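**Q** here is a sequence with its predicted model. Questions after.
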Amino acid sequence: MIFSELRKRAKKAGQPPGTPIYTGKKNNIAPRVTVIQYSVDDYHESTGTMIENPAQKETGITWINVEGLQDIGLIEQIAKEYHLHPLTVEDILNVEQRPKVEEFEGYIFITLKLLVWNPEKYSFYMEQLSLVLGERVVLSFQENALDIFNNIRKRLNGESGQRLREQGSDYLAYRLIDAAVDQYFVVLEGLGDKIERIEERIIAAPTPQNSRTLYRLKRQLLGLRKAIWPVREAISHLMQAEGKLVLPSTRVYLRDVYDHAIQAIDTLEIFRDMLSGMLDMYLSSLTNRMNEIMKVLTIIATIFIPITFIASVFGMNFTYMPELHWHWGYHVALGSMFLTVLAMLFYFRRKKWL
Amino acid sequence: MIFSELRKRAKKAGQPPGTPIYTGKKNNIAPRVTVIQYSVDDYHESTGTMIENPAQKETGITWINVEGLQDIGLIEQIAKEYHLHPLTVEDILNVEQRPKVEEFEGYIFITLKLLVWNPEKYSFYMEQLSLVLGERVVLSFQENALDIFNNIRKRLNGESGQRLREQGSDYLAYRLIDAAVDQYFVVLEGLGDKIERIEERIIAAPTPQNSRTLYRLKRQLLGLRKAIWPVREAISHLMQAEGKLVLPSTRVYLRDVYDHAIQAIDTLEIFRDMLSGMLDMYLSSLTNRMNEIMKVLTIIATIFIPITFIASVFGMNFTYMPELHWHWGYHVALGSMFLTVLAMLFYFRRKKWL
Amino acid sequence: MIFSELRKRAKKAGQPPGTPIYTGKKNNIAPRVTVIQYSVDDYHESTGTMIENPAQKETGITWINVEGLQDIGLIEQIAKEYHLHPLTVEDILNVEQRPKVEEFEGYIFITLKLLVWNPEKYSFYMEQLSLVLGERVVLSFQENALDIFNNIRKRLNGESGQRLREQGSDYLAYRLIDAAVDQYFVVLEGLGDKIERIEERIIAAPTPQNSRTLYRLKRQLLGLRKAIWPVREAISHLMQAEGKLVLPSTRVYLRDVYDHAIQAIDTLEIFRDMLSGMLDMYLSSLTNRMNEIMKVLTIIATIFIPITFIASVFGMNFTYMPELHWHWGYHVALGSMFLTVLAMLFYFRRKKWL
Amino acid sequence: MIFSELRKRAKKAGQPPGTPIYTGKKNNIAPRVTVIQYSVDDYHESTGTMIENPAQKETGITWINVEGLQDIGLIEQIAKEYHLHPLTVEDILNVEQRPKVEEFEGYIFITLKLLVWNPEKYSFYMEQLSLVLGERVVLSFQENALDIFNNIRKRLNGESGQRLREQGSDYLAYRLIDAAVDQYFVVLEGLGDKIERIEERIIAAPTPQNSRTLYRLKRQLLGLRKAIWPVREAISHLMQAEGKLVLPSTRVYLRDVYDHAIQAIDTLEIFRDMLSGMLDMYLSSLTNRMNEIMKVLTIIATIFIPITFIASVFGMNFTYMPELHWHWGYHVALGSMFLTVLAMLFYFRRKKWL
Amino acid sequence: MIFSELRKRAKKAGQPPGTPIYTGKKNNIAPRVTVIQYSVDDYHESTGTMIENPAQKETGITWINVEGLQDIGLIEQIAKEYHLHPLTVEDILNVEQRPKVEEFEGYIFITLKLLVWNPEKYSFYMEQLSLVLGERVVLSFQENALDIFNNIRKRLNGESGQRLREQGSDYLAYRLIDAAVDQYFVVLEGLGDKIERIEERIIAAPTPQNSRTLYRLKRQLLGLRKAIWPVREAISHLMQAEGKLVLPSTRVYLRDVYDHAIQAIDTLEIFRDMLSGMLDMYLSSLTNRMNEIMKVLTIIATIFIPITFIASVFGMNFTYMPELHWHWGYHVALGSMFLTVLAMLFYFRRKKWL
């Protein structure tokens, strides 16, 4: 994940700023543009692959949601329509952006990561979400069609959505951000499950592949961290935005998302600490295991090597070995071997090895 | 603890903000509402499962303590009565909240963790405490009936409580916070006992399960940390609250709780450092133990392998082996074995292995 | 040290704030109160177990030094006399306080740790020092009678003390703090000696008990850290105290103690880093030692196992083994053993194991 | 890299400040000076080894790019022409500078590192870039001729460059900085490739040289860090520069480079964390490998040592050993050996070693 | 270094502040006082062991350089002459000072460490440099006669020094600080050489003494750190000094030394990181080496133990062992041994141990 990002980013090197280059994965799906216009008691939605000149109403709010960023022409058309700065267009298309909030003349630009948990693969992937918050307009740009904003759209259309329709565009933007941040907890829960499972396995019996699993988890946390950490600062920036785009009544809600972002970060840090604790536990398990192996070897060797020596002595072929001809010689030899074994066992017991 | 929290939190994902969802454990116990109204020389207390329209007196302070958060209707009724913001209601019910202080119009919302030490299980559990501090009113919400505030209630009712009754609602809120923070030290003491015990055990003789115990303690400290760290910031925020809800005379007391929170954090960090020190000690003990095992094996093997070789040589069946027929051959062989052993012992002594 | 503190602290849980409870060790020695009143050319000192109504002179400074905090009545009497806040009384008696400086109306409350080095036990212990700096009055409270302030008392009384007598109560408080902080260096020197000694021992030859000693030192540093770190902040707070209790001329001197506190902290951190460096050195010594042991075993085993095998072959009892009947068979066997040994020695030399 | 820098830096010790000394590598290539003068619809470029008195036009911007810093006289001539402070001249020539931005009277001095990836050697090297931003003038100084600014020069000259030519000198300086920072991602991508490759190798099978490779990578990251970290602060400083040299419209673009710098730093920190994770994985692999080796030895030894002992017993030459003469003696001996082996195998299976 | 400092510092404990005690090493060399008075076109220098009443000229700057601090009387005489605060005198004599800048009435007191590299011993030592910057006067105090300021003195006297003579006393103080900080790079270069050498040795072949060398280097870096870190803050303090002692034109130069101090700190931190990386590399080398030793032992043992067993079997003395009398028995036995060896070799090859 980190490496592929870098590769895309490096390709942009040398291009003049504001050059619109799409750095994401290209596919054959045409972009989908959803234009929603609503006021307190009005709702109109149209979907297409192009933006048609939306009749700007006197009142009400327009939300344009773009899914798929390959059609640079489309993005530039929207940019022109809403007077976006060239850097904003570049940032919308460069999907390796660091989460941030930037104020431009007439609008605020917000870029975040959407985290999507894949329950089959037991892994997650990232997409970029860019938001433009203008007066009475919100533009949202996603790489692929995700159903993350469906709930909000339904609510806007439904009866229970009156409160939502009464609010300004800043509240809508907040709701989109909130929906994105909420997904972080789904991903964190999924990773938490993975961590819990590997934890149980390490406690039960450590295997060589544990360290690789721990490393992979660590890498995933690093990727997550890169996506989540800057969100806190970005939202804080949004809360303190100058101008009248963000109303005081919305700031209370932003403070709430801000708290969620901190909670996600806290959880991430706890995961990191747990991974490092598990690694310590794993390493000490390995050493313990080696101690056990060595103990078995030492016990066996220490018992049998001396008595084998005794047997060897009496296996010598000297002509003059009086013991060989004693009547009880053989039994004395066996007895001395037995005593040696007893002595060794006693020694190991005292050492608490047995 | 951390994982179950995440699971609850993740379930809330996608819900619109301000949706009141109780994320704690559900049980069959009906919530208990205690309404206390007092002034300098007046005290009235009533307990029930519902809030009845409390006759708002001209003077005096009302304290409503709710134990059990399952009845969302009840919470919403209180919220309506005291004009609480929907986000506050959501935060009261979402018991996986990060400790924080938030100012709303007309009231300050405070949420903390109650830590309860279980001396039988030698462990602790967490509950959420939410406080609403309004003018002449304090609302407190707990998940379960804990007797943590009994002392304060008794004192309010008793004769010695005059000083307490003379103060405003902010002082009452302070007393509730203070009672909660005081419990942190009980939990820390319990954990300290556990740490001391494992410490002694590791110093005496390390066993494979030590590393697991250390890991579990580390996890408990991580959970504790998540609960205690943000308290400092929250109280600091409360001390600097604008408006006149927090009187200057109470700020002196808040500074005191603030100091206690820092002291708890300091202790937590010392525990962390001690655990990491113990892990180091444990790991080096393991290596020492392995050295010892290896030494025994090496000594035995190094002594017996050469003399067994000597015996083997004279066990060969060559027809022409003059030594075999010497009269003192056998004794020379035994003597050379004896000298070999002596040389080896001397060598080990010089190496300080014996 | 840390654990016993916690136990005392935990016992206070649930008590209302401002409850005067002595948390230190109780003994049978009666507290000693020393009342010193002085001006530029006047000095009067009286000692007792109680405070008598000290005739407040128009000019001059009063210093009341209390040694022994068991008599809560005595402390409360002084508190009443000098209008101390209940929280101050509680803090004076709770000897597990974190070092801090607090401004109250009419006075500044300062609490520090006195560190006393015990050269016999080669260890240190902590006591609490509480100071109350009022206009023309300084109150100092210690747990036990220590001679740490004797020098200052003598100087106040002596001729060379004129400069000291000319200054205000803030300068006297500074001198008491300075005397306390100076002792930190004595304790640090003692610990430094211990560290130097264990360092030499580890460099010479590591023993299993080294890791325990390192751990104990680490724990002592953690205790020290808890006592010294907050002092910096406390003195900084004192330097910036509002009101006119701390004169600008004294601030220069406080800056000096402030520098000393930082120097003590720096030294502490260097000690920590040295301990962790020593642990690394110790651990790598253990592994080196194991390598050496293994090398001895491997050399012996690798030399003798093959030649013992050769001997075993010629010890077989087959009827048809022509070599056994060769005239030089025995010598050839011995020769091949000798060559094997030579080859092995050559191999080890090339591996640089010999 | 770090060491050679230090050597150069140490040689400057003792020189008075402002002494112009070139600390880079000397070669025989003459410096190349490119003087570009342009306005919205005008472009003039001349190249030489000296700066000729450039006719300062009333309007338009002058960009002087110097490649090669050996000719101190040349640098001093330029410095005199543009009234540079002696410290600026010293900093331009001392190529071991820490990235920084300094405001002087009439100009802003910017110094950065150019990072150049060498795809053959799979490594990178650093050069210093110094910029002087004056009113309507930009001076840029590089150690060697790199084609990093070619794109900008072409664009200035070409038709698409009108927007660029319309902007002020601050925008040109921004473009140069942006081009330099863009190269950081090329270098990071190269290092990322290296890290990915070593990662795969460690996961497949750890070899002794892995730890050396990890160490070398760590050192490279340390060097990179030293070059990239200060850039963030420097650009932040530039954004807040007083005076009117940096126009508000350019600040938006600087914020963009600032974000890029942070992104580069984030990536660097992730690389560091990954390296440390890989080291942990590598070390635990080593221990695992040792466990495996030990297991093989222990299994072989534990199986054969006891049965060899049995054989030795029956190889003794006692006269009275009835078993030797039993008819089934030999088969009983072989059978008991076989049972011993079975018992051992059973034991190892239960221990999960087989 | 650290320990001897502590010992000196601890001896001062209990002394009243401002007591002049020399804490450095005492020797028999008399202090040398150099009084230099200069203006733009005037220079006068006199050297002695005492300060004579220097005729304070109307214009020009006086620089008094004292080498050797044993003569407390001399220091106090100078202090009286220039109205130094008792704490300044104490700090000049206490050579275990932390680098700092303090503003007093009429002068600024600066104290730094002089680091001197000893190329023979391949080590460095520290001395204290104290500077007093007054209006038109600079006092400098060193423990021993070092030639570090000779260049500045020569320049002041020479023709090229006109610029230097034109500046104020603050510029002279800057030059002295700059000369001191420049030496840090000489010491860092020396240490860098040491680090590079040990690095090469560890990469080539790790020896047990490597860890000791690493530890000693770490200790040296800790000492260096203590001397260099505070310099940054001190110079920053000096740059922001109130009053008119530091002219704006000099602040530009101070910013330059400030940058040098940061560069020295950066290098120090890189050294620390490199040492820790080398320790990791060293430890993994040890484990690798042990793996190799174990592999040799295991291969030898695993090959010879089974075939020795075969030989033992045929060395048994049973009466009825038909194999012994087979004609090809001996060759079959040898053949089976050979096959066993082949199988083992095949197994080791597959395990990649050979």
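**A** That came in fine, so what should we check first?
**Q** can you tell me the closest non-neighbouring residue to the residue in the stretch 251-354 of chain A that chain D sits nearest to?
**A** Residue nearest to chain D within the stretch 251-354 of chain A (CB to the nearest CB): A:A311, separated by 3.6 Å. Just so you know, the C-beta spots here come from the backbone N, C-alpha and C atoms, and that holds for glycine as well. Using CB to CB, 6 or more residues apart in numbering or on different chains and skipping the chain neighbours, the partner closest in space to A:A311 is D:S312 (3.6 Å).
**Q** now do A:W353
**A** Nearest non-adjacent residue to A:W353, counting by CB to CB, 6+ apart: A:K295, 5.4 Å away.
**Q** wait, doesn't the one you found sit right on B:M290?
**A** No. Counting by CB atoms under 8 Å, A:K295 sits too far from B:M290 to count as a contact (9.2 Å).
**Q** just say helix, strand or coil for the residue of the stretch 251-354 of chain A found nearest chain C.
**A** Nearest residue of the stretch 251-354 of chain A to chain C (CB to the nearest CB) works out as A:G315 at 7.1 Å. Following DSSP: H, G, I helix; E, B strand; the rest coil, A:G315 is assigned to coil.
**Q** so A:Q220 versus chain E, what's the distance?
**A** Using CB to the nearest CB, to the nearest Å, one obtains 24 Å as the distance from A:Q220 to chain E.
**Q** so which strand or helix has that residue?
**A** Element membership of A:Q220 [criterion: DSSP states H and E] is helix A:209-239.
**Q** list the contacts for the residue nearest to A:A311?
**A** Each residue near D:S312 by CB atoms under 8 Å, 6 or more residues apart in numbering or on different chains is listed here: A:308, A:311-312, A:315, E:312, E:315.
**Q** ok, those residues vs C:I64, which is closest?
**A** Closest to C:I64 out of the contacts of D:S312 is A:T308 (84.5 Å), distances taken as CB to CB.
**Q** report how many residues lie close to the closest one.
**A** Residues within reach of A:T308, counting by other CB atoms under 10 Å in any protein chain shown, total 24.
**Q** SS state for the closest residue to it other than its chain neighbours?
**A** Take A:T308 and drop its neighbours on the chain: the residue closest to it by CB to CB, 6+ apart is D:F309, 4.6 Å away. When classified by three-state DSSP, D:F309 comes out as helix.
**Q** against E:I307, how distant is D:F309?
**A** Going from D:F309 to E:I307 by CB to CB, to the nearest Å gives 16 Å.
**Q** ok, A:Q77 next?
**A** For A:Q77, the distance to E:I307 - CB to CB - is 83 Å.
**Q** what does A:T319 give?
**A** Plainly put, A:T319 is 29 Å away from E:I307 if you go by CB to CB.
**Q** circling back: hang on, the residue nearest to A:W353 in a helix?
**A** Yes. Assessed with three-state DSSP, A:K295 lies in a helix.
**Q** per-residue confidence at it?
**A** What the model reports for A:K295 is a pLDDT of 91.
**Q** ok, now A:E292?
**A** At A:E292, the predicted lDDT confidence score is 90.
**Q** now swap in A:N53 and tell me
**A** In this model, A:N53 is scored at 61, pLDDT.
**Q** next one: A:R155
**A** Predicted confidence (pLDDT) for A:R155: 87.
**Q** host element of it?
**A** Per DSSP H and E: helix A:150-157 holds A:R155.
**Q** contact partners of that helix?
**A** A:34, A:36, A:38, A:43, A:45, A:161, A:164-165, A:172, A:175-176, A:179, B:14, B:16.
**Q** what is the lowest-mean-pLDDT helix or strand in chain A packed up against?
**A** Across the helices and strands of chain A, mean confidence by mean pLDDT, DSSP states H and E is lowest for helix A:2-11: a mean of 74. Contact partners of helix A:2-11 among helices and strands, from 3 or more CB pairs under 8 Å, 6 or more residues apart in numbering or on different chains; DSSP states H and E: helix A:209-239, helix D:169-204, helix D:248-313.
**Q** C:A204: which of those helices is closest?
**A** Judged by CB to CB, the one of the helices and strands packed on helix A:2-11 that comes nearest to C:A204 is helix D:248-313, at 27.5 Å.
**Q** now do the same contact list for whichever residue of the stretch 101-250 of chain A sits closest to chain C.
**A** The minimum distance from the stretch 101-250 of chain A to chain C, using CB to the nearest CB, falls at A:S211 (19.0 Å). Counting by CB under 8 Å, 6+ apart, A:S211 makes contact with A:279, A:282, D:280-281, D:284-285, D:288.
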